[in-house]
Structures are given as C-alpha cells and as structure tokens.
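Student: I need the structure of the sequence given here:
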Amino acid sequence: MTSLIILAILVALVFWVISIFNNLVKLKNRFQNAFAQIEVQLKRRYDLIPNLVETAKAYMAHERDTLEAVINARNAALAGLKVAANNPGDAGAINALAGAEGALQSAMSRLNVVMEAYPDLKANQNMMQLSEELTSTENRVAFARQAFNDGVTDYNSYKQSFPPVIFAASFGHAADAKLLEFADSAAIQAAPKVSF
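Tutor: Okay, here's the model as predicted:
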C-alpha cells in the first residue's frame, strides 16, 4: 500500500514537471508566432518604401541624399529583421532591430519634412496611395508589436515564477526573451504618422 502511494506521488510529480515543460514551450511558441506577425508587417512596409522613394525621385531630384538615407535605413532594418526572425528570443537581435527601426523612422521623418516643400508630390495619386498603405501598415506593426510584447511578458513571467524557475534552465529556457521597444517612447504609444 505504501509503495502504491509513493508510486502515485512520483507519477503526479512527473506529470507536474511535464506540464511545466509544456507550458514553457507553449508560451515560447506564442511569442515566436507573434514575432512572425511583426515580420510580415515589417516586410510589407519595407516593400512599400522603395516605391515611395521612386515616386518621390521624380519630384525631388536634388534631394538625393535624403532618398538614399531612407533606402539605406530600410536595408539596415531589413537585415536586422532577418537576424531577429531567426531567433526572436535573442535580446541582442531584438535590440539591433529596434535600433534599425529607430534609424528608419528618423530617415522617414526627414523625408517627410523635405517632401513638405513639394506640393505637387503631395498631390500625386501614387504618393497618396502609398501614404495610405504605409499608415495602415504602421498600425498593423503597432498591433503586432503589442501582441509580441504581451507574449514575451507572459513567457518571462511564467518562466520566472515558482516552481517553473526551478526547471526552466534545465529545459533550455535560461534566458529571458526581450521586449521589442523603440528608443522614442512616443513611437511606442502611437503609430508614426506619415503625411505627404
């Protein structure tokens, strides 16, 4: 009888440890999937930017440096996204992506300021359509980033709580996942406004 009780306790402990492992995996997969949604929206935005620059080139021939800065920032952000997509739990990759996104946002802001001097460009039908698509994509990026950050918070909270904290490192969940934050807190609060 005593051996049955001990066996039942051992079986219960094994199932308890298995449930901790499964919850860690589930929460990690959830935030990785959320990052995949960010990746989809950022790629869409990165695809729109060259079209925007090409449309602007016809009107802004002597603003070549500004246009090149936007393309270079876009390429750096795309490279950062590729690295982060390979391991969304890597804090260094997420920090690099956030920095590249900040540089891209800065370049796009400079482009917007320069474009204010070109009313014909602002009235261009292609430019208005690209502006609308870019604004819509920015909103989607903000929602996807919020879902990712929620997933990361849930994963880190569970992993750091007791008793999962005892087993997390041995199950391959030693490092905390990193939130995707931008240097400018206003960029976190609202999607960037793009006006042409």
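Student: Helices along this structure, start to end?
Tutor: Per DSSP state H, the chain carries helices over the ranges 2-57, 64-86, 91-115, 119-123, 125-160, 164-168, 185-189.
Student: Looking at the first one now, give me its mean pLDDT.
Tutor: This means helix 2-57. In this model, helix 2-57 has an average pLDDT of 94.
Student: likewise the fifth one?
Tutor: Helix 125-160 shows an average pLDDT of 92 in the prediction.
Student: try the last one
Tutor: With pLDDT averaged residue by residue, helix 185-189 scores 41.
Student: Ok, the third one next?
Tutor: Per-residue pLDDT values across helix 91-115 average out to 92.
Student: helices and strands around it, which ones?
Tutor: When contacts are defined as 3 or more Cβ pairs under 8 Å, 6 or more residues apart in numbering; DSSP states H and E, helix 91-115 packs onto helix 2-57, helix 64-86. Where C-beta positions appear, they are placed from N, C-alpha and C, glycine not excepted.
Student: sorry, back to before: I'd like the helices of the chain written out as JSON lines, with distance to residue 179 and mean neighbour count added.
Tutor: Listed next are these as JSON lines, based on distance: least, Cβ to Cβ, whole Å; neighbours: other Cβ atoms under 10 Å:
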{"stretch": "helix 2-57", "distance to residue 179": "10", "mean neighbour count": "15"}
{"stretch": "helix 64-86", "distance to residue 179": "12", "mean neighbour count": "17"}
{"stretch": "helix 91-115", "distance to residue 179": "8", "mean neighbour count": "18"}
{"stretch": "helix 119-123", "distance to residue 179": "36", "mean neighbour count": "13"}
{"stretch": "helix 125-160", "distance to residue 179": "5", "mean neighbour count": "17"}
{"stretch": "helix 164-168", "distance to residue 179": "18", "mean neighbour count": "16"}
{"stretch": "helix 185-189", "distance to residue 179": "10", "mean neighbour count": "12"}
